[in-house]
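Curious how this folds, go ahead:
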Amino acid sequence: MATWLLGLPELCFGSWLEEVFAADGGIVVEKQILERVGGEEALEQLDWDALRAIELEVVTAIVAETRDSESKTVVLYSGGRALNDELFEVFTQNLGSKAATIHVRRLGVGLDGPQTPLLERARRYSEACNYDFAVAEGDDDMERILAELLGFIGRVKDGTTRDMGLIGEDSINGFDGDSPSDFTVPLVGGTFFVSLTCTNVRDLIETGKLLVLSEGASVVELRVDLLESWDHDYVRNQSALLRRSCPLPVIYTVRTKSQGGAFPDDEDAYFALSELAIRCGYAWVDMESHWAEKPRLKFLEKVRAAPGTSVIGSHHFKDSNGGTVADLRAQFMHCAHGGLVNIVKVVTMAQTLDDAMHLIEASRTLSLPPLATGKKRVLISHEKIEIGVIALAMGAAGTLSRILNRDFTPVSHPCMAAKAAPGQIPLKDILEARRIIQVHQVPDRYFYVFGTNLARSSSTDFHNAGFQFCHLRHTCVSSETDSLSEVEKVIRSRTVSFGGAGVQHPLKDKVIKLCDSLSDAAREIGAVNTIVNLQSGRVGGHNTDWLGIIKPLKNADIVATPKSNPALIIGSGNIARAAVYALKKMEWPAIVVLDASSASESAAAPEDTAQAQDDERTEAIDQALQYVSGLTNPNILSTRFDIVIFASDTLPTRVSLSEKVIEAWRKEKTHPLSNGPLFFDTAGGAYKMHSVAGTGSLIAFAQSFGSKTLSSFQYSTASGWEQFRRWMGRSYESMALAAAPAMESQMESKE
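As a prediction, this is how the structure comes out:
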């Protein structure tokens, strides 16, 4: 069924949203009403009752047309009129939970003065929807807001987008060609979360503390009961700020006073506030299990209908040890709700070590029901689908329970003045204790970068910064070699400690024969730059070079249209083929590959691109491409390009080629850079480019003609982070994203 976006133009984005979604095949109710009545003039002649009758007919027809289809169509309804009873019934009864109906709204608009009636209309729209997409007060970054909205739509529709903060991310960032069964790297020995015990998350964002808090954590918890206001719009605003700034999934928690929190023990108010977690698209929501059965089951049914949200069933004995082992076991079973939750959580207060041991024994001897939520969510610290267990004893005597707990262990952090519960300790202390007693250990792994000219590469520094951020004792080292047998020796002889590898020139195409499986990108490009240990002696080959190209282009708002001018790729090696693959993914209408290795004006295809054309592996990227040779080829000089990508696999070739391009084109009146296209210098790898004389001059040459430029740094960090992400596997997905700024900072310091 289609996704419906509802909102008053004054409180959302009106015509701007209509333009965006209509261009992508979306349905705009207002336009269909205009077509139905015969245009603006005819519309103005209608009386109010006639207009509302036509409006109802149009909406009902669209609902009927899209109700039973698998359509991804987005329908916008933002006519500026209040929802009358008939329309309200269409949205709540005919659509109901079958469709994702999203209320789109700016916060902080219409709060005072004559606009106040807009809020009454907005509340009616919100009641008709099952989700809220609120934009924080004062946020006007329209491009980012659109990206967030698209991710939000994907998350609430099917829950398949990634759990980054509150929303998912564009599928272009997915694990291309990897099936979950082939890409579970069991490196995780436990997962952690830190509680945001603040009154306003804006303070954490503006001081930079939110990113610091993310270090080593897999999720963060928003303690809604500790916020300065429980007004629903205030909480929506906090949610919008987190969606914008938090790199990790978020647990939404309203902790009541009887359970050790600050929220009143008011059942109706508790569930009304907790339901905002579902409406705002949080990845996790904590549901206290002490309430009456009827409201609990009603809430769980709502969570079950929300594909992107999972639930933690919890109970806190804030003043007692919870009773006997049998009593504690029964409490875990009660929190499981017959398998309708994803995690059960029981917290006690320990006065003695025996209190903690009883809780640990109860958690270790459970026989929980199978997961029955209908959501195939694999817990971050598990390799199979099952209900997770959080068993924590508060107080100093309960420290052992925190060391032994595996799923979502809460940790304290010096950036948060207040601990969420007594007895919480820093992450580093838990990790050190686990190392001493050898529980939940992450095996130390060695990762390698194979290739030549590695002395100028920043790859090892980049990845080691990521390991350090994630509190892992892995090591990435360089292995200067052009021998495939040397690579094979390392991969096959260190199956226990081998974690993965980065591959640079001249081994990218050669290592394919060592891989037991290939991603789609690696297969079609015909090159592997990332090797992942799949366990049992098997390794997988991936290519992230193309992601290092496409992600900076997308971040620069480069979009292909049927009217786009051709894109020019200067180069003919593995990175050039990756650039072609990236542009084909963007549906670029015409791509020209230029072999600039000689001054010849022959139109013959370069040897290795001709070979690529004959190679079945790269057939998909060679369709509709033009290959030419020579910097002064008339076809090159006379064509207007929108993008010029400089792609070279080796540093020496890149330096000499850069000089050759400048020398040849400086003499010409017109050339590919003279019209100021976007110029992207990939540099062929994570090289410390700015320390090499002359290698930045091509960017300066392009800038002299007014070109917007992308550098090797942007290519290297995007490609390198995607490589790191594949090494870590899905289990470290969130942590890898949170580590990105630290890794980029390390790379930048080496430039």
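
Return the residues in contact with V201.
Contacts for V201 (Cβ atoms under 8 Å, 6 or more residues apart in numbering) come out as L210, L222, Q238, L241, L242, S245. (Each C-beta comes from the backbone N, C-alpha and C, glycine too.)

Contact partners for the nearest residue in space to L43 that is not next to it in sequence?
Once flanking residues are discounted, L43 sits nearest to V37: 5.1 Å by Cβ to Cβ, 6 or more residues apart in numbering. Applying Cβ under 8 Å, 6+ apart, we find V37 in contact with L43, L46, I54.

Out of the residues you listed, which sit inside helices?
L43, I54 (DSSP state H).

one step back: with distance to M728 as added columns, please give the contacts of V201 in JSON lines.
What follows is the contacts of V201, written out as JSON lines (distance: Cβ to Cβ, whole Å):
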{"residue": "L210", "distance to M728": "21"}
{"residue": "L222", "distance to M728": "25"}
{"residue": "Q238", "distance to M728": "29"}
{"residue": "L241", "distance to M728": "27"}
{"residue": "L242", "distance to M728": "23"}
{"residue": "S245", "distance to M728": "22"}
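
most surrounded residue in those residues?
L222 (27 neighbours; other Cβ atoms under 10 Å).

surely I343 meets F332?
No. In terms of Cβ atoms under 8 Å, I343 does not count as a neighbour of F332; the distance is 10.8 Å.

The two: which has the busier surroundings?
Set I343 next to F332 and count neighbours by other Cβ under 10 Å: F332 wins out with 26 against 22.

element containing E120?
Here E120 sits within helix 116-128, counting by DSSP states H and E.

what's that helix packed up against?
With contacts defined as 3 or more Cβ pairs under 8 Å, 6 or more residues apart in numbering; DSSP states H and E, the packing partners of helix 116-128 are helix 85-89, strand 101-106.

Of all these, which one is nearest A136?
strand 101-106 (8.7 Å; Cβ to Cβ).

Mind listing residues that contact the closest one?
3-8, 11-13, 17, 78, 91, 95, 122, 125-126, 128-135, 137, 149, 152-153, 156.

Now, those residues that are in helices?
Going by DSSP H, the helices hold L17, A122, Y125, S126, A128, L149, F152, I153, V156 from these.

Please pick the buried ones from the residues you listed.
Buried subset of the ones in helices among the contacts of strand 101-106 (neighbour count, 16 or more other Cβ atoms under 10 Å): L17, A122, Y125, S126, A128, L149, F152, I153, V156.

Looking at the residues you listed, spot the one nearest A522.
Taking these together and measuring to A522 by Cβ to Cβ, the closest member is I153, at 30.2 Å.

quick one: the helices in the stretch 451-600 of the chain?
459-469, 484-493, 520-525, 545-555, 574-585 (DSSP state H, counting those that start in this stretch).

what packs against the shortest one?
Helices and strands in packing contact with helix 520-525 are listed as strand 538-542, helix 545-555, helix 574-585; criterion 3+ Cβ pairs under 8 Å, 6+ apart.

Recalculate using a threshold of 6 Å.
In terms of contacts (3 or more Cβ pairs under 6 Å, 6 or more residues apart in numbering; DSSP states H and E), helix 520-525 is packed against helix 574-585.

what's the answer for the longest one, then?
For helix 574-585, the elements it packs on are helix 520-525, helix 545-555, strand 567-570, judged by 3+ Cβ pairs under 6 Å, 6+ apart.

Would you confirm that A718 contacts K551?
Yes. Between A718 and K551 there is a contact under Cβ atoms under 6 Å: 4.3 Å.

When the two are compared, which one has more neighbours?
A718 (25 against 22).

which residues sit in contact with that one?
Listed by Cβ atoms under 6 Å, 6 or more residues apart in numbering, the contact partners of A718 are G548, K551, P552.

which residues of the stretch 251-400 of the chain score low on pLDDT?
Within the stretch 251-400 of the chain, the segments meeting pLDDT under 70 span 373-385.

how close does the residue nearest to G398 when sequence neighbours are not counted get to A739?
Excluding the flanking residues, the one nearest G398 by Cβ to Cβ, 6+ apart is A350, at 3.6 Å. Going from A350 to A739 by Cβ to Cβ, to the nearest Å gives 34 Å.

With V224 instead?
27 Å.

what do you get for T101?
36 Å.

Tell me which of these two has more neighbours.
Using other Cβ under 10 Å as the criterion, T101 and A739 rank with A739 on top: 27 against 24.

Contacts only, for that one.
A739 neighbours (Cβ under 6 Å, 6+ apart): G466, F469, C470.

Could you check stretch 42-49 and say which residues are buried?
L43.

what about it, how long is it end to end?
14 Å (Cα to Cα, to the nearest Å).

Next: stretch 205-213.
Stretch 205-213: ends 10 Å apart by Cα to Cα.

And the average pLDDT for that stretch is what?
Taken as a whole, stretch 205-213 has a mean pLDDT of 85.

Could you pull out the buried residues of that stretch?
I205, K209, L210, L211, L213.

With secondary structure added, can I get these in a markdown table?
Shown next, in a markdown table, are the buried residues of stretch 205-213 (DSSP: H, G, I helix; E, B strand; the rest coil):
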| residue | secondary structure |
| --- | --- |
| I205 | helix |
| K209 | helix |
| L210 | helix |
| L211 | helix |
| L213 | helix |
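
Mind pulling the model confidence for the closest residue to R121 other than its chain neighbours?
Spatial nearest neighbour of R121, excluding adjacent residues (Cβ to Cβ, 6+ apart): A82 at 4.8 Å. At A82, the model reports a pLDDT of 78.

now swap in N94 and tell me
69.

got it, and the one 4 residues further on?
At K98, the predicted lDDT confidence score is 68.

hang on, the earlier thing: comparing the helices and strands packed on helix 116-128, which stretch has the densest surroundings?
strand 101-106 (a mean of 24; mean count of other Cβ atoms under 10 Å).

Also compute the angle for that one relative to helix 116-128, please.
Angle between the axes of strand 101-106 and helix 116-128 is 150 degrees (criterion: axes from the mean of the first three to the mean of the last three Cα atoms, to 10 degrees).

okay, strand 101-106 in CSV with CA atoms only?
The C-alpha coordinates for strand 101-106 follow below in CSV (Å, rounded to 0.1, in the frame of the first residue of the first chain):
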residue,chain,number,x,y,z
THR,A,101,0.3,7.4,7.4
ILE,A,102,2.9,10.0,8.5
HIS,A,103,2.1,13.4,9.9
VAL,A,104,4.7,15.8,8.6
ARG,A,105,5.1,18.9,10.7
ARG,A,106,7.5,21.7,11.6
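
So for that strand, mean pLDDT?
On average, strand 101-106 scores 87.

Neighbouring strands - and their directions - for that strand?
strand 3-6 (parallel), strand 131-135 (parallel) (DSSP bridges).

on that earlier part again, pull the contacting residues for the residue nearest to G398.
By Cβ under 6 Å, 6+ apart, the neighbours of A350 are A356, A393, G395, A397, G398.

try it again with 8 Å
N321, A356, L359, A393, M394, G395, A397, G398, S401, G423.

What about E221? Give its phi and psi, please.
With angles defined as degrees, to the nearest 10, E221 sits at phi -110, psi 130.

what's the neighbour count on it?
E221 has 22 nearby residues by other Cβ under 10 Å.

That one and V346, how far apart?
17 Å.

Endpoints of stretch 333-350, how far apart?
First-to-last residue span, stretch 333-350, Cα to Cα: 21 Å.

Check stretch 460-478 too.
For stretch 460-478, the separation between the terminal residues is 7 Å (Cα to Cα).

buried stuff in it?
Buried, per 16+ other Cβ under 10 Å, within stretch 460-478: 460-472, 474-476, 478.

Check stretch 529-542 too.
N529, T530, I531, V532, N533, L534, V539, G540, G541, H542.
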